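Asks: this one's structure only:
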Ligand code: AMP
Ligand code: MG
């Protein structure tokens with residue numbers, strides 16, 4: 001069996017990013033940018049006011065205070081969007097609004113809260129430092145600079161930034177097309193009655209929701225009974241217009257587990273099968289290079305609902321991120337403190353589902369949720385983090401350091 005680290009390395013080595021396309025800003029949520037964002041203009045483009053107030057010369061306000069305000073002649077007002085460039089002289093002020101261009105002759109803008117207008121003049125109750133409340137042209141970035149690098153996700157601020165530079169469309173990597181295969185004679189679609197021994201298919205719904213959360217939509221799912229024929233048929237259909245197929249169940253060593261042999265019969269090269277992790281030991285990963293030059297990927301996840309979502313989070317998500325052009329392959333772990341003593345048999349990395357709590361002395365404590373068996377969805381549903389209880393350890397004491405990954409279905 002390979003380690004989790006080896007499995008991630010094999011995923012990284014075998015997954016190649018899909019091609020580029022171009023999307024309108026309104027369509028690109030969840031995609032990764034395929035080109036650097038170069039500033040088409042500086043930000044801000046021009047000196048402008050950070051507040052509603054009055055543009056002044058700083059010398060005019062020396063020693064001004066509430067009890068001894070300075071009176072300045074109000075010459076005009078400049079609203080946001082106005083192209084006005086004007087000259088103010090000693091003893092004068094100009095009324096100015098947030099975002100409006102600040103004339104170069106103004107040395108600072110005083111907030112309206114410190115000023116009173118009176119019959120063509122303004123009384124200012126404070127002094128001002130040069131540059132105060134002026135957003136200088138180019139102080140965020142200058143025209144021609146690289147503002148963001150390719151591989152960043154098109155999150156709301158990224159999309160807003162593209163719009164602020166005047167883009168209507170932008171090059172992004174194609175989104176992966178993903179289909180699902182769920183295997184099992186015992187499965188019944190929710191909404192139908194259950195006979196004795198049957199269970200509802202929850203994996204198709206959990207995985208679909210996990211893919212949707214990443215912005216991958218329109219995923220079809222196919223159900224296969226535990227026969228070679230149905231398993232093969234389901235994979236053939238699922239593979240037709242997908243870059244990746246994710247399956248659940250039938251990948252272990254049971255008499256009715258046909259996933260691995262079916263994929264090998266379809267020409268898939270097994271990159272790995274079985275990882276020293278818990279839950280999720282039987283995870284399969286295979287690739288197929290088609291005659292048309294496309295690469296197809298299959299992750300055969302175990303059947304247990306918790307194993308499915310934990311291995312999706314810890315293994316499939318990095319693969320999807322790479323396929324989709326994300327600059328970061330893996331989700332970094334964060335070191336916190338174990339809040340309880342844990343025991344296990346050494347040999348496998350245990351992904352313990354937990355919550356975080358602050359201790360009295362300011363530490364972040366990771367505490368396992370109730371329901372740690374791989375069929376207990378409630379324990380995962382309540383968890384915020386996955387603790388990495390290392391393979392070689394058999395004990396983790398309370399107060400020991402422990403690495404966690406934050407459970408984040410959106411990224
Ligand atoms: P398997 O890996 O096929 O042996 O399945 C392991 C366990 O997961 C069994 O208890 C199955 O009943 C359960 N299981 C498999 N597929 C699903 C599914 N789609 N939804 C819920 N439970 C499942
Ligand atoms: Mg099964």
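Replies: Here it is on my side, so go on. Being a predicted model, the structure only gives us computed values, none of them experimental. Ligands and ions are numbered 1, 2, ... in the order given.
Asks: By residue count, what's the longest helix in this protein?
Replies: Ranked by residue count and defined by DSSP state H, the top helix of the chain is helix 228-240.
Asks: What parts of this protein come near ligand 1?
Replies: Taking C-beta under 6 Å from any ligand atom as the contact definition, the chain meets ligand 1 at 182, 184, 186-187, 199, 201-203, 248-250, 252, 254, 302-305. C-beta: built from backbone N, CA, C; applies to glycine.
Asks: Buried only: go through these for me.
Replies: Neighbour counting over these (16 or more other C-beta atoms under 10 Å) leaves 182, 184, 187, 201-203, 248-250, 252, 302-305 as the buried ones.
Asks: how far away is the residue in the stretch 1-150 of the chain that ligand 1 sits nearest to from residue 282?
Replies: Across the stretch 1-150 of the chain, no residue is closer to ligand 1 than residue 1, which sits at 16.8 Å (C-beta to the nearest ligand atom). Using C-beta to C-beta, to the nearest Å, residue 1 is found at 10 Å from residue 282.
Asks: quick revisit: now find how far off-centre the longest helix of the chain is within its chain.
Replies: Between the centre of helix 228-240 and the centre of its chain there are 32 Å (C-alpha atoms, centre = their mean, to the nearest Å).
Asks: Let me know whether that helix sits next to ligand 2.
Replies: No: using C-beta under 5 Å from the ion, helix 228-240 never reaches ligand 2; the gap is at least 10.3 Å.
Asks: sorry, back to before: show me the residues of the chain next to ligand 1 that map onto helices.
Replies: 203, 305.
Asks: any chance you could map the strands in the stretch 301-411 of the chain?
Replies: All strands of the stretch 301-411 of the chain, identified by DSSP state E, counting those that start in this stretch, fall at 334-338, 342-343, 349-358, 364-368, 385-389, 395-396, 401-406.
Asks: Name every strand pairing with the fourth one and say which way it goes.
Replies: Sheet pairing for strand 364-368, assigned by DSSP bridges, gives strand 334-338 (parallel), strand 349-358 (antiparallel).
Asks: quick one: buried residues of stretch 327-342?
Replies: Across stretch 327-342, burial judged by 16+ other C-beta under 10 Å covers 330-331, 336-339, 342.
Asks: Over to stretch 383-397?
Replies: So stretch 383-397, judged by 16+ other C-beta under 10 Å, has buried residues 383-391, 396.
Asks: ok, which pair from those residues is furthest apart?
Replies: 384 and 391 (23.0 Å; C-beta to C-beta).
Asks: Can you get me a residue count around residue 11?
Replies: Look at residue 11: counted by other C-beta atoms under 10 Å, it has 21 neighbours.
Asks: ok, and the closest non-adjacent residue to it?
Replies: Residue nearest to residue 11 in three dimensions, not counting chain neighbours: residue 319, with 4.9 Å by C-beta to C-beta, 6 or more residues apart in numbering.
Asks: same thing with residue 384?
Replies: residue 355 is the one closest to residue 384 (C-beta to C-beta, 6+ apart), at 5.1 Å.
Asks: again, but for residue 358
Replies: Spatial nearest neighbour of residue 358, chain neighbours left out: residue 364 (6.2 Å); criterion: C-beta to C-beta, 6+ apart.
Asks: Can you give me the pLDDT of the residue in the chain positioned nearest to ligand 1?
Replies: Residue nearest to ligand 1 within the chain: residue 303 (2.2 Å; C-beta to the nearest ligand atom). pLDDT recorded at residue 303 is 97.
Asks: check contacts around it.
Replies: By C-beta atoms under 8 Å, 6 or more residues apart in numbering, residue 303 lies in contact with 183-184, 203, 248-252.
Asks: Let's see that with 6 Å instead.
Replies: 248-249 (C-beta atoms under 6 Å, 6 or more residues apart in numbering).
Asks: Next one: it from residue 181, what distance?
Replies: From residue 303 to residue 181 the distance is 12 Å (C-beta to C-beta).
Asks: what's the answer for residue 113, then?
Replies: For residue 113 relative to residue 181 (C-beta to C-beta), the value is 64 Å.
Asks: for residue 160, same thing?
Replies: 38 Å.
Asks: do residue 297 as well
Replies: The spacing between residue 297 and residue 181, counted by C-beta to C-beta, is 13 Å.
Asks: what do you get for residue 86?
Replies: 70 Å.
Asks: So if I had to pick from those two, which one is more boxed in?
Replies: Shown here are residue 86 and residue 181; by other C-beta under 10 Å, residue 181 has more neighbours (30 against 15).
Asks: Next one, pLDDT for the more buried one please.
Replies: So residue 181 comes in at 98 (pLDDT).
Asks: ok, now which ones touch the residue nearest to it when sequence neighbours are not counted?
Replies: Of all residues not flanking residue 181 in the chain, residue 247 sits nearest, at 4.0 Å (C-beta to C-beta, 6+ apart). Counting by C-beta under 6 Å, 6+ apart, residue 247 touches 181, 259, 300.
Asks: redo that, cut-off 10 Å
Replies: By C-beta atoms under 10 Å, 6 or more residues apart in numbering, the contact set of residue 247 is 179-183, 203, 207, 221-222, 224, 231, 234-235, 238, 259, 262-263, 284, 298-303, 308.
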